[in-house]
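J.: using only what follows, build the 3D model:
(chains A and B)
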Amino acid sequence: MNEIISYIFIVIGALFNLFGCIGLIRLPDIYNRLQASTKCVTLGTSLLLFGVVIKTGLNATGIKAILCIIFILLTSPVAAHAISRAAHLSGIKLWEKSIIDKLDEDNKQKQNEEKGKEK
Amino acid sequence: MILIIIVYILLISAFLCLIRIMLGPTAPDRTVAIDILGILIVGFCALFALTYNLDFMLNIAITWSLLSFIGTIALAKYLEGRDFDE
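T.: Numbers count the residues shown, from 1 in each chain, chains lettered A, B, ... in the order given. Coordinates of the predicted model:
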């Protein structure tokens, strides 16, 4: 019974990984690609490791897998945020059908405030 | 049987990441693909540990996830155009 449940978790995780990577190929823009692939692959790998935890039980191997889940859930969103901010600051344009760009508006507002202080 | 199917699914996803690294038009595209490839390798290590009863592969998985995070942060700082100590 444990084995069947763990294999269900592992298959769902692998499918999430596949769909995230299809999004990485398919979408038009760096920001779209990032938000599709990072979230899907993080959840998929966490599910895969959770399947390993269920299969092995709470011995040394299972606790190592739980540590690995915690590290991935902590580090992956931070890395994605850093990459998207770096891409925006290094001047990469959005897709032409994108509607809103809040970071650009914030930067313009800060520049205007600094100009007002100088005057 | 089912483990072989899972390994093939993960290999196809890694191959799609390699395609994006090959033809990504800008540098952040490639950085995203390298980050995703690192997380996929963590999944591979967990599958190895499950299939062949190798305990130490999970140590490799933990180390790989942390090192991949450090590498991605360093690349992001480099793309942003700042030094590493700011």
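
J.: max-length helix in chain A?
T.: helix A:60-89 (DSSP state H).

J.: how close does the most centrally placed residue in chain B sit to A:I25?
T.: For chain B, the residue nearest the mean C-alpha position is B:G38 (1.0 Å; CA atoms, centre = their mean). For B:G38, the distance to A:I25 equals 18 Å [CB to CB, to the nearest Å]. The way it works is simple: take the backbone N, C-alpha and C, and place the C-beta from them, glycine included.

J.: packing partners of the helix-or-strand element of chain A with minimal mean pLDDT?
T.: None of the helices or strands of chain A scores lower by mean pLDDT, DSSP states H and E than helix A:102-118, at a mean of 84. Counting contacts by 3 or more CB pairs under 8 Å, 6 or more residues apart in numbering or on different chains; DSSP states H and E, helix A:102-118 is packed against helix A:60-89.

J.: and the helix it packs on, what does it pack against?
T.: helix A:30-56, helix A:102-118, helix B:27-52, helix B:56-80.

J.: redo that, cut-off 7 Å
T.: Applying 3 or more CB pairs under 7 Å, 6 or more residues apart in numbering or on different chains; DSSP states H and E, one finds that helix A:60-89 contacts helix A:30-56, helix B:27-52, helix B:56-80.
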